[in-house]
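Participant: no sequence on hand, only this structure:
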């Protein structure tokens, strides 16, 4: 058993505050993959064009 | 504890995103260039590029930026799922769990949506339907995650014999029910479309493969040090 790195579960109580990171991460994901309308107003088009190739190759719908 | 896992996820994700970007740059970029040449030829000789916001070189840099940010996001979410699942579900060994979760993530988040709504190179796709295509893509992604979760629950009680069919039935029903999208122009080169899509799938495979491996390696290293 000492060879195994099996570890105890993490209590949901201590895990819960970290769920706050989820919306932050999803907003970044949105900016990278989706933001064609421009959540960042004027810079939206710039980000969209900048990450154009990445979006195509990541396989998300682009245009 | 969770902070360690979370930072490990962000770090592994950044490495995975960078290497995926390198793969995309070396393997995928030539196909994007060829597709853009077709797009521009179709737009006509009068089509001007003076008003372009970002040059092609800038977009190659943007590829690395996009894959790295995407990798960090996936790595962070991966770490939180790992923290929730660890000790409750799946393989007891930490390294095996990390690699299994990465394989499951690739299956649900990449392969399931890809087989129904594969990514397209430039010059393919009607801008009018981008909203509808995006929603369908996200629905398919959500169904992939649902099918993976259902498969994992069924696996725990009944084993692979039941888990694989459960997964396939959910995904198969979604494939049958959701509308097909066919927007590839009739004269678009089939070989180029195939090459682009394989390179796109390959880049995602690099990303998820490196993420799982690096995350597993970091947990092994930490175990030795402590």
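Facilitator: Perfect, thanks for sending it. Worth saying up front: this structure is predicted, and the values here are computed from it rather than measured.
Participant: grab the nearest non-local neighbour of the residue of chain B at minimum distance from chain A.
Facilitator: Here chain B gets closest to chain A at one residue, residue B:66, 2.5 Å apart by C-beta to the nearest C-beta. C-beta: built from backbone N, CA, C; applies to glycine. Excluding the flanking residues, the one nearest residue B:66 by C-beta to C-beta, 6 or more residues apart in numbering or on different chains is residue A:54, at 2.5 Å.
Participant: after the helix or strand in which the residue of chain B closest to chain A is found comes which helix or strand?
Facilitator: Per DSSP states H and E, residue B:66 falls inside helix B:56-85. Next in sequence after helix B:56-85, counting helices and strands by DSSP H and E, comes helix B:94-105.
Participant: in the top helix by length along chain B, what's buried?
Facilitator: Longest helix of chain B, by residue count under DSSP state H: helix B:190-225. Buried residues in helix B:190-225, counting neighbours by 16 or more other C-beta atoms under 10 Å in any protein chain shown, are found at B:192-193, B:195-197, B:199-204, B:206-216, B:218-219.
Participant: likewise stretch B:27-35?
Facilitator: For stretch B:27-35, by 16+ other C-beta under 10 Å, it's B:27, B:28, B:29, B:31, B:32, B:34, B:35.
Participant: distance between it and the chain's centre?
Facilitator: Put simply, stretch B:27-35 sits 18 Å off its chain's centre (C-alpha atoms, centre = their mean, to the nearest Å).
Participant: tell me the mean pLDDT over that stretch?
Facilitator: Averaged across stretch B:27-35, the pLDDT comes to 96.
Participant: now swap in stretch B:124-144 and tell me
Facilitator: 92.
Participant: do it and chain A meet at all?
Facilitator: Yes - Stretch B:124-144 is in contact with chain A by C-beta under 8 Å from any C-beta of the partner chain, via B:125, B:127, B:130, B:133, B:134, B:137.
Participant: name the single longest helix found in chain A.
Facilitator: Criterion DSSP H: the longest helix present in chain A is helix A:21-33.
Participant: where in the chain is pLDDT low?
Facilitator: All of this refers to chain A. A:1-6, A:35-44 (pLDDT under 70).
Participant: chain B is the one I meant
Facilitator: Within chain B, the ranges that satisfy pLDDT under 70 run B:44-51, B:222-226.
Participant: you'd agree residue B:154 is up against residue B:166?
Facilitator: Yes - with contacts counted by C-beta atoms under 8 Å, residue B:154 reaches residue B:166, the gap being 4.5 Å.
Participant: chain B contacts on chain A?
Facilitator: Residues of chain A found near chain B (C-beta under 8 Å from any C-beta) are A:4-10, A:12, A:14-15, A:18-19, A:21-22, A:25-26, A:28-29, A:31-34, A:36, A:45-46, A:49-63.
Participant: which among those end up buried?
Facilitator: Buried among these (16+ other C-beta under 10 Å): A:5, A:10, A:15, A:18, A:21, A:25, A:29, A:31-34, A:36, A:45, A:49-63.
Participant: list the ones among those that fall in helices.
Facilitator: A:15, A:21, A:25, A:29, A:31-33, A:45, A:49-50, A:52-58.
Participant: quickly list the domain ranges of chain B.
Facilitator: Domain assignment for chain B, taken from automatic domain parsing, gives B:1-44+B:54-119+B:185-226, B:125-183.
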